[in-house]
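Student: Starting from these lines, generate the structure:
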Amino acid sequence: MDKSREANEEPPSYDSATSTSSYVAPEEPPAYKGQFSSQPCAPMIPPYCVQPTAPNHAASGERIWAYEMFFCFSDVPVCLLQLFCPCVAEYMTAIKANYKRVGMLLVAACVAYYFIYSFWIMILAAKQFTEFEMQVNKEQYDYESVRENSDLQRKYSALNAAYCSLMSLLGMIALAKVCLVVLLRSHIRNKFNIGKDRGTMGNLEDVACVACCYSCAMCQMLSTMRKFEKEGVLYSVEPIAHA
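Tutor: Okay, here's the model as predicted:
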């Protein structure tokens, strides 16, 4: 009888606040809800670890050439190219400086110069041979017989006229090339902010460099363009080994 009554009785409730055996799990604080997500968090860097950004002097400051004027052998490939293929060196410099029109004019002037120069050499050789022939005739015969030799005299006069004409033409082409290279050098200086803006003095300096040291000036310009094409920047301050 007692056993059946105990079986019909309900078990003690654990929801009672007064029960010593009840346990309620604490809720998650609202401040921490959603804080631990699967997305990675950015690392926290202390302020003293942040490196200051260096000022970009190359963007606004004065720049200089890749090499000095008389350090042509610092860039040996450019030096050899200027020595054996000056037309190619001049055209490459103009193309890299985005001045193709001047580059085409320089190539045309260079080809014309060497073409006329080859004829000038041949006429010079013929002129020297004619002078030698006239000297031989003068030694063998008297002066009057040499002067009366109209064929030899006309030949010498024609060769002498061609010699002087071709020499004048070569001088004009050389002067035109100097003017074109000065224009190209001024374009590179202004485009890449090379050197200080000295106005007329800067132009006179370019003229003096090209007229007196044509090959060295071309090597300097081509080396600078190659450096800019390779590295994307030019020197803003003079390097330690600037040669």
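
Student: so how far is residue 105 from residue 223?
Tutor: To residue 105, residue 223 is 22 Å away according to CB to CB, to the nearest Å. The way it works is simple: take the backbone N, C-alpha and C, and place the C-beta from them, glycine included.

Student: just residue 160 next, same as before
Tutor: Look at residue 160 and residue 105: by CB to CB, they are 31 Å apart.

Student: same check, this time on residue 219
Tutor: From residue 219 to residue 105 the distance is 20 Å (CB to CB).

Student: how about the helices in this protein?
Tutor: Secondary structure of the chain (DSSP state H): helices at 2-8, 57-60, 76-84, 86-96, 100-140, 143-148, 150-191, 200-212, 214-231.

Student: buried stuff in the fourth one?
Tutor: It refers to helix 86-96. 86, 87, 89, 90, 91, 92, 93, 94, 96 (16 or more other CB atoms under 10 Å).

Student: Also the last one?
Tutor: When neighbours are counted by 16+ other CB under 10 Å, the buried residues of helix 214-231 are found to be 214, 216-228.

Student: Contacts made by stretch 85-99 with the rest, please.
Tutor: 78, 81-82, 100, 102-104, 106-107, 110-111, 181, 184, 187-188, 191, 215, 218-219, 221-222, 225-226, 228-229 (CB atoms under 8 Å, 6 or more residues apart in numbering).

Student: Now with 6 Å, please.
Tutor: For stretch 85-99, the surrounding residues in contact (CB atoms under 6 Å, 6 or more residues apart in numbering) are 81-82, 102-103, 106-107, 110, 184, 187-188, 218, 221-222, 225, 229.

Student: Which members of these define the maximum pairwise distance?
Tutor: Pairwise distances across those (CB to CB) peak at 22.2 Å, for the pair 110 and 229.

Student: Farthest-apart pair in the buried residues of helix 214-231, please.
Tutor: Across the buried residues of helix 214-231, the longest distance by CB to CB is 21.7 Å; it joins 214 and 228.

Student: What ranges in this structure fall below the confidence cut-off?
Tutor: 1-62, 137-150, 196-202, 233-243 (pLDDT under 70).
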